[in-house]
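>>> curious how this folds, go ahead:
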Amino acid sequence: MAVQKPFFPLLFKCLLTTCYLLVQCFGSSNAVGGVGQGKLGKWQLLLNNTGVVAMHMALTLQNTVLIFDQTSSGPSGYTLHRSSDGRRCLGLPRSMTDPDCSAHSVEYHIGRNSVRPLRLQTDTWCSSGSILSDGTLLQTGGYGDGYRRIRYFKPCSDRRCDWNESSDSLMDNRWYASNMLLPENDSTIVMGGLRTYTYEFIPKRSSSGRSFYLPFLHQTNDRDQHGNNLYPFLHLSADGNLFIFANRDSILFNYKNNTVLKTFPRIPGSGSRNYPSSGSSVILPLDYTNRYQKVEVMVCGGSTTGAYRAARRRNFLTGLSSCGRMVITGKIHRWKMEEMPGPRLLNDMLILPTGQILIINGAKEGSAGWNNAASPSLQPYLYEPTKPSGKRFSVLSSTNIPRMYHSSAILLPDGRVLVAGSNPNNRYTFRNVSYPTELRLQAYVPYYMSESNNRYRPQNVSVQYAKHGLNVVPYNEDFTVTFFLGRRPNNLVEFNVYSPPFATHAFSMNQRMLKLRSTGLVRENNGWFSAVVKAPPTPTVAPSGYYMLTVLNGGIPSTSTWVNFIHT
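The predicted structure follows:
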């Protein structure tokens, strides 16, 4: 007679199998609001050694990425064949000790997945930057011989371009300053710095070229906490004035006549948000539906009160888990507070092509500074601004590489996020420390790049404007966007443009996204489509320059193409 198997163990196994299949099909909820398995994204290791710590990063219109560190950290991980004076380095003992035998900047070629060395002439430690209308990176300040230096990098296609130092100089020392590209013909404002409570313009706005005192920078300074107002968050409002956030406070500032127009409410809660507390900030995407006039800023993370001094004593206080959103236009201003899935500082905030916000890199405890943070934040957060409150955050796939102090992240044209850097040590140190110098280069691949979405993804995007040719469009003009889609498009086809920022110390300067108006989506032959899209109305809304244009089909973005908005 056959032996009858027990019923309950079989039932238990069936239930386990069913649960497993449900998780595989529908995904597991890992965070506030829940996110399906298909939305977690994944990580790619691109290079084991870039040679240089990514204290600063910037995407160029040649689809390359500038990566650079300070020059005062000793030899880097990239040994040059010869020093700047022509002496041989490679293979000689001096290459191990002479910083002039090391590259402190490289250019990463996205398509080739390789780097080439660049040569910095002065120290860029904790400097700032902005990208001008022709795609040139304007780079300012630093430390020591770099305090008042102005540098330029004009990207090229032949891989022969390098850093150029200007004969002009800044009026004041700019160490931990912030830059903002202004609407007026490539004018840039450079603001703040350690014990520097002024701002100035490049190019200079008067024959004296003087800097201008801003009491707000002095008032927000915590002397016993190394400032807590360094790298102030700057955002250009739709009225042409400047939103400035430092420490816990913020103002609307008319930089043309040195006047504070509004003092906004203090962000609720204790702690600070700016360096060395080092939270982050973005301006949420601007939308044509309100003529780009609703401007809302978001600030996330930072350090607890007293965290900097405590960290110097090796006591790492838990960071802030709160975010605040506030509309800075109109007459009513109130911070709306939300909680991230966990505490975070040293965190980058990036606007994805979908308009969602990615919060990536950083730590859970401590503050910025040499060896001042602990407990790395390995899981990025996704924030969806248009979802109901309480359902906006989700936790994404974890990396296994800590990205602490002096790490950076930027958005690439294909939709991935490039992640690099981390060096809480004052020299390149690879052993016997809690967090070694990190030279590996990664990409975080968001959910929208999964293969299952490829059939919905617009391809071969191009821009045409009859009067100026390809990719060059005057303000407030209609232009044509063509793209290939092998199937019927979703009911929601969108066109977003994004200004590539300069990223350093948890803040992406000049980051900006606009959702453009489009009309007349037309199906052409063999899967091709075209649409008429309206350029931004003025440089106040979108300062002149190169933007990454993305076509979204039902929320699935194309690879971006470059469009240049210009004055006529």
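>>> CA atoms for contacts and neighbours, from now on please.
Fine.
>>> am I right that N241 is in contact with F253?
Yes: at 5.7 Å, N241 counts as touching F253 under the criterion of Cα atoms under 8 Å.
>>> helices of the stretch 101-250 of the chain, start to end?
215-219 (DSSP state H, counting those that start in this stretch).
>>> now the strands for it?
105-109, 114-118, 128-131, 137-140, 149-153, 164-169, 178-181, 188-191, 198-202, 212-213, 233-236, 242-246, 249-254 (DSSP state E, counting those that start in this stretch).
>>> burial measure for the nearest residue to H567 once chain neighbours are set aside, as a count.
Spatial nearest neighbour of H567, chain neighbours left out: P474 (5.7 Å); criterion: Cα to Cα, 6 or more residues apart in numbering. When neighbours are counted by other Cα atoms under 10 Å, P474 registers 22.
>>> show me what contacts P474?
A535, F565, I566, H567, T568 (Cα atoms under 8 Å, 6 or more residues apart in numbering).
>>> what do you get for V260?
Contacts of V260 by Cα under 8 Å, 6+ apart are I251, L252, F253, N254.
>>> any chance of those in JSON lines, with distance to A368 too?
Formatted as JSON lines, the contacts of V260 follow (distance: Cα to Cα, whole Å):
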{"residue": "I251", "distance to A368": "24"}
{"residue": "L252", "distance to A368": "27"}
{"residue": "F253", "distance to A368": "27"}
{"residue": "N254", "distance to A368": "31"}
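>>> circling back: so what sits opposite the residue nearest to H567 in the bridge?
Bridge pairing for P474 (DSSP bridges) gives the partners I566.
>>> distance check, D287 against D348.
D287 sits at a distance of 23 Å from D348 (criterion: Cα to Cα, to the nearest Å).
>>> could you do G355 as well?
From G355 across to D348, the span is 16 Å (Cα to Cα).
>>> and the spatially most central residue of the chain, what pLDDT?
In the chain, the residue lying closest to the centroid (Cα atoms, centre = their mean) is S508, at 3.9 Å. You'll see S508 listed with a pLDDT of 99.
>>> list phi and psi for it.
For S508, the backbone dihedrals (degrees, to the nearest 10) come out as phi -100, psi 100.
>>> returning to what we had before: who's more crowded, G355 and D348?
D348 (30 against 21).
>>> what residues are up against that one?
S280, L358, I359, I360, N361, G362, S408, A409, A506, F507, S508.
>>> pretty sure the first one sits against I357.
Pointing back at S280 there. No: counting by Cα under 8 Å, S280 stays clear of I357, with 11.6 Å between them.
>>> so what's in contact with the two at the same time?
Common contacts of S280 and I357 (Cα under 8 Å, 6+ apart): M349.
>>> who's more crowded, those two?
Just comparing S280 and I357: by other Cα under 10 Å the higher neighbour count belongs to S280, 29 against 22.
>>> quick check: bridge partners of the more buried one?
With DSSP bridges as the rule, S280 is bridged to C300.
>>> residues in contact with S167?
Shown in contact with S167 (Cα under 8 Å, 6+ apart): I150.
>>> circling back to that earlier point, in JSON lines: the contacts of D348, plus secondary structure.
Below are the contacts of D348 laid out as JSON lines (DSSP: H, G, I helix; E, B strand; the rest coil):
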{"residue": "S280", "secondary structure": "strand"}
{"residue": "L358", "secondary structure": "strand"}
{"residue": "I359", "secondary structure": "strand"}
{"residue": "I360", "secondary structure": "strand"}
{"residue": "N361", "secondary structure": "coil"}
{"residue": "G362", "secondary structure": "coil"}
{"residue": "S408", "secondary structure": "strand"}
{"residue": "A409", "secondary structure": "strand"}
{"residue": "A506", "secondary structure": "coil"}
{"residue": "F507", "secondary structure": "strand"}
{"residue": "S508", "secondary structure": "strand"}
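>>> of the residues you listed, which pair is most distant in space?
Largest separation among these by Cα to Cα: G362 and S508, giving 14.3 Å.
>>> which one of the contacts of D348 is nearest to K331?
Using Cα to Cα, S280 is the member of the contacts of D348 that lies nearest K331, at 24.9 Å.
>>> what's near enough to touch the closest residue to G279 other than its chain neighbours?
Counting by Cα to Cα, 6+ apart, G279 lies nearest to G302, which is 3.9 Å off, once chain neighbours are set aside. Applying Cα under 8 Å, 6+ apart to G302 gives the contacts 271-274, 277-280, 319-321, 344-346, 367.
>>> who wins on neighbours among these?
Ranking the contacts of G302 using other Cα under 10 Å puts L346 first, with 39 neighbours.
>>> isn't that residue up against G366?
No: between L346 and G366 there is no contact under Cα under 8 Å: 9.6 Å.
>>> tell me which residues in stretch 47-54 are buried?
L47, T50, G51, V52, V53, A54 (16 or more other Cα atoms under 10 Å).
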